[in-house]
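> Give the three-dimensional model of this entry:
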Amino acid sequence: MDIFLQQLINGLVLGSVYALVALGYTMVYGIIELINFAHGEVTMTGALVALSAIGAVALGMPGLPSVLMLAAGLALAIPVCVALGLLIERVAYRPLRNAPRLAPLITAIGVSIILQNLAMLIWGKQYISFPPVLPQGRYEILGAHITDVQIAILILTLLIMLGLILVVQRTRLGRAMRATAQSRQVASLMGVDVNRVIAATFAIGSALAAVAGVMVSAYYGLAHYYMGFMLGLKAFSAAVLGGIGNLGGAMLGGLLLGLIESFGAGYIGDLTGGFLGSNYQDVFAFFVLIAVLVFRPAGLLGVRGVERA
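Below is the predicted model:
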């Protein structure tokens, strides 16, 4: 039971990060049917900017409470990522909005590579450690252990998800986003500023990516310029697993992917004597993804539909 509970905690924490990044993918796809493969690099940028800010504040004001240091990192990372997301949408995606689908997809991959190399030039190739400013409390629950960082990730993710649902379902912007997702042309005729709605979607997704970047760097204790590639790929897989274009599906897919990785690395690793351990956790996640899509191509919460010409 203690091993099961430990793997459950680890899986939920990891899945929470995947879910936050997956929300950015699914929001953009739901409105303009674009796979923003540069979204993982926006997450990476948020992590590196936040670490740089936290390190600078820790050196300049060492007596500042850790919560304020973390807030300072987020206060810089979020607007930087929002500005980056808006720039990507305006420069790279908006001119290709009516182009064949392959064109913006290739552009997204190109933007991803550009951001990786820019981050390498700014922060270097080395790993950047998370400053020791966060509480290091560790608590035992029925034989399993959970840390202050894990608790903070779970609570913050829950609050963000609830807030996003309220924004989409109860606000004027949310109604405009849902109308644009149904039909950009009809929404425009009804007075919706489609360009503004799409830009707002990129801004919200980029802000979530910044928070997720800080979470994953705090969880693992480090960040580097290439961290966004695999994180983005897994988050995209989580969005597809749950049903891309569906907010609930992105949340469900992220949590499931984290649990699959955690239980796969724990239990299957033990059964194989460590041969298939944590180094193969990516294999478990993508194997289950393939299996789900074979039997339900639209994802767990996706709706089967007919492609319109």
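> Now do the strands in the stretch 201-309 of the chain.
Ranges of strands within the stretch 201-309 of the chain are 222-223, based on DSSP state E, counting those that start in this stretch.
> can you give me the helices in it?
For the stretch 201-309 of the chain, the helices defined by DSSP state H, counting those that start in this stretch occupy 227-242, 247-263, 269-271, 281-295.
> distance of the nearest residue to Lys125 once chain neighbours are set aside from Arg175?
In space, and not counting its chain neighbours, Lys125 is closest to Tyr225: 6.8 Å by C-beta to C-beta, 6 or more residues apart in numbering. No exception for glycine: its C-beta is placed from N, CA and C like everyone else's. Note on Tyr225: its distance to Arg175, by C-beta to C-beta, to the nearest Å, is 39 Å.
> more crowded one of those two?
More crowded of Tyr225 and Arg175, by other C-beta atoms under 10 Å: Tyr225, with 25 against 15.
> residues touching the residue nearest to Lys125, list them.
Shown in contact with Tyr225 (C-beta atoms under 8 Å, 6 or more residues apart in numbering): 44, 48, 116, 119-120, 123-125.
> so where's the stretch 201-309 of the chain shaky on pLDDT?
Scanning the stretch 201-309 of the chain for pLDDT under 70 picks out 266, 268-280, 303-309.
> where do the strands sit along the stretch 51-200 of the chain?
Ranges of strands in the stretch 51-200 of the chain, per DSSP E, counting those that start in this stretch, are 128-129, 138-141, 144-147.
> Name every strand pairing with the shortest one and say which way it goes.
Strand pairing for strand 128-129, determined by DSSP bridges: strand 222-223 (antiparallel).
> how many neighbours does the nearest residue to Ala75 once chain neighbours are set aside have?
Distance criterion C-beta to C-beta, 6+ apart; nearest residue to Ala75, sequence neighbours excluded, is Ala53 at 7.8 Å. As a burial measure, Ala53 scores 20 neighbours (other C-beta under 10 Å).
> And the pLDDT at Ala53?
pLDDT for Ala53: 92.
> For it, which residues are in contact?
72-73, 75-77.
> if we can go back for a sec, what's the closest of the helices of the stretch 201-309 of the chain to Gln169?
Closest approach to Gln169 among those (C-beta to C-beta): helix 247-263, 9.4 Å.
> what about that closest one, distance to the chain center?
Centroid displacement of helix 247-263 relative to its chain, using C-alpha atoms, centre = their mean, to the nearest Å, is 12 Å.
> Fine by me, we can end here.
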